[in-house]
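1. mind looking at a prediction? Sequence and model below.
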Amino acid sequence: MRYPILITLVVIAGGIVSGCGSGNSVETKKEFISETEESVKFLNPPLIKEIYTADPSAHVFDGDIYIYPSHDVESKVEEDDSGAQYNMKDYFVFSLDSVNGQVVNHGKVLDVSDVKWAKRQMWAPDAAEKDGKYYLYFPAKDHEDLFRLGVAVSDDPAGPFLPEEAPMKGSFSMDPSVFQDDDGQYYIYWGGIWGGQLQKWRTGEYVSTGDSPYDDEPEDDEPAIAPKVAMLSDDMLQFNEAPRDIVILDKSGNPITAGDHERRFFEASWMHKYKGTYYFSYSTGDTHKIVYATGNNPYGPFTYQGVILNPVQGWTNHHSIVEYEGQWYIFYHDTELSNKNYLRNVKMSPLRHLEDGSIEMIDPIKK
Ligand code: FUB
């Protein structure tokens, strides 16, 4: 397959649409690479080529690496500020039995038509294992067009997954990810601003003062919107407590502010633990980076540390971090195969924790 050979540095001042919004009414001007130039070399090749995949959540189950991605499709839905063009309808599961092994496609494991409460937009999922059962956590818009979090259950990491009748009680927004601490307790992290609707839940209820996803954000000098965390119930199907805010601080101990687009939380929460430290990583959205903050417990607060993954090709950046046979890896996506923001492909790369506890920054594009 051949792709247009040009590089386009797109200024986000209007009309460029992300997974979770567009820049239409946003003042910030940031560049991202939307198409491939001949001189550009990608650090890693796509793992999956037969369908478009994004937002890869990777886990090691039964000694194999399982990948739970979004399944991007061309859906003819018009692009809008809330990311309607990310109109995914189902989930597929993939696995590898070694790092350079063949990727096995286990096929479709859940379809939106099987989920009573869900209407559209099956965005970034994650999975967890407990006592031999596997749980797929996924966001979708309900029949009132509000994002909720759902759970589906299987006896096999490769699915298929049977969805619960209703979304998780009290759930809202999107991008769930589940972390198991060393004591066996599970925590769910989630949220995403703009098209992910998190800014409209600031009071604990859905309050929308306008149709734009950019309404309802704090002022630039106020603390940024916080991602959420809750302990999971023993049966893995519900929150075991009221959602808590994750506070992200700068190194002086001040909350990262809403106007600090280089560092504030946008979407794509992920938690991993290394040598007793909790690493909370996330996407900065309109500045296109995966960054991280560290803390000494699963709830935080977390102190901002730096960039893990520089911008990929395409608007969205979304990742997971997993240890496999003593080596850490980051799974992420870009748009190498399609040159379209909403048709992405999953990749993986080794990730290194340095002696001082920091993470070595990865540049996914070699210029
Ligand atoms: O795939 C749809 C959305 O795009 C995800 O939920 C976001 O994290 C972004 O990658």
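-> Looks like it arrived, so ask away.
2. please tell me how far the residue nearest to residue 267 when sequence neighbours are not counted sits from the ligand.
-> Using Cβ to Cβ, 6 or more residues apart in numbering and skipping the chain neighbours, the partner closest in space to residue 267 is residue 192 (3.2 Å). Yep, even glycine has a C-beta here, placed from its N, CA and C like the rest. Distance of residue 192 to the ligand, computed by Cβ to the nearest ligand atom, to the nearest Å: 6 Å.
3. next up, the contacts around residue 192.
-> 20, 173-175, 198, 266-268 (Cβ atoms under 8 Å, 6 or more residues apart in numbering).
4. mind checking which of the residues you listed are in helices?
-> Of the positions in the contacts of residue 192, not one sits in helices, assigned by DSSP state H.
5. which of those has the weakest pLDDT?
-> Lowest pLDDT of those: residue 20, 48.
6. up against the ligand, what does the chain have?
-> 19-20, 54-55, 70, 86, 123-124, 174-175, 192, 267-268, 316, 318 (Cβ under 6 Å from any ligand atom).
7. spatially central residue in the protein, please.
-> residue 268 (2.9 Å; Cα atoms, centre = their mean).
8. returning to what we had before: adding distance to residue 226, write the contacts of residue 192 out as JSON lines.
-> Converted to JSON lines, those look like this (distance: Cβ to Cβ, whole Å):
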{"residue": "20", "distance to residue 226": "16"}
{"residue": "173", "distance to residue 226": "11"}
{"residue": "174", "distance to residue 226": "15"}
{"residue": "175", "distance to residue 226": "14"}
{"residue": "198", "distance to residue 226": "9"}
{"residue": "266", "distance to residue 226": "12"}
{"residue": "267", "distance to residue 226": "13"}
{"residue": "268", "distance to residue 226": "15"}
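9. most surrounded residue in the residues you listed?
-> residue 175 (32 neighbours; other Cβ atoms under 10 Å).
10. next, residue 332: phi, psi?
-> Here is the backbone geometry of residue 332 (degrees, to the nearest 10): phi -150, psi -180.
11. ok, it - how many residues close by?
-> 29.
12. check contacts around it.
-> Neighbours of residue 332 in contact, by Cβ under 8 Å, 6+ apart: 56, 290, 309, 312, 317-319, 346-349, 364.
13. same question, residue 108
-> Here residue 108 is in contact with 90-92, 160 (Cβ under 8 Å, 6+ apart).
14. what pairs with it across the strands?
-> residue 92 (DSSP bridges).
15. same thing with residue 53?
-> With DSSP bridges as the rule, residue 53 is bridged to residue 71.
16. was I right about it contacting residue 93?
-> No. With contact defined as Cβ atoms under 8 Å, residue 53 and residue 93 do not form a contacting pair (10.4 Å).
17. overlap in contacts, the two.
-> Joint contacts of residue 53 and residue 93 (Cβ under 8 Å, 6+ apart) are residue 67.
18. re earlier: which one of the contacts of residue 332 is nearest the ligand?
-> Nearest to the ligand out of the contacts of residue 332 is residue 318 (Cβ to the nearest ligand atom; 3.8 Å).
19. in contact with residue 348, which residues?
-> 44, 47, 56, 58, 99, 329-332.
20. biggest separation within those residues, which pair?
-> 99 and 332 (15.4 Å; Cβ to Cβ).
21. dump the contacts of residue 348 to JSON lines, plus pLDDT.
-> Shown next, in JSON lines, are the contacts of residue 348 (pLDDT from 0 to 100):
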{"residue": "44", "pLDDT": "98"}
{"residue": "47", "pLDDT": "98"}
{"residue": "56", "pLDDT": "99"}
{"residue": "58", "pLDDT": "99"}
{"residue": "99", "pLDDT": "97"}
{"residue": "329", "pLDDT": "98"}
{"residue": "330", "pLDDT": "99"}
{"residue": "331", "pLDDT": "99"}
{"residue": "332", "pLDDT": "99"}
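22. so the residue nearest to residue 143 when sequence neighbours are not counted is in which element?
-> Leaving aside its chain neighbours, residue 143 sits nearest to residue 119 (5.2 Å; criterion: Cβ to Cβ, 6+ apart). Using DSSP states H and E, residue 119 sits within strand 118-120.
23. remind me which residues of the stretch 251-367 of the chain are low pLDDT?
-> Scanning the stretch 251-367 of the chain for pLDDT under 70 picks out no residues.
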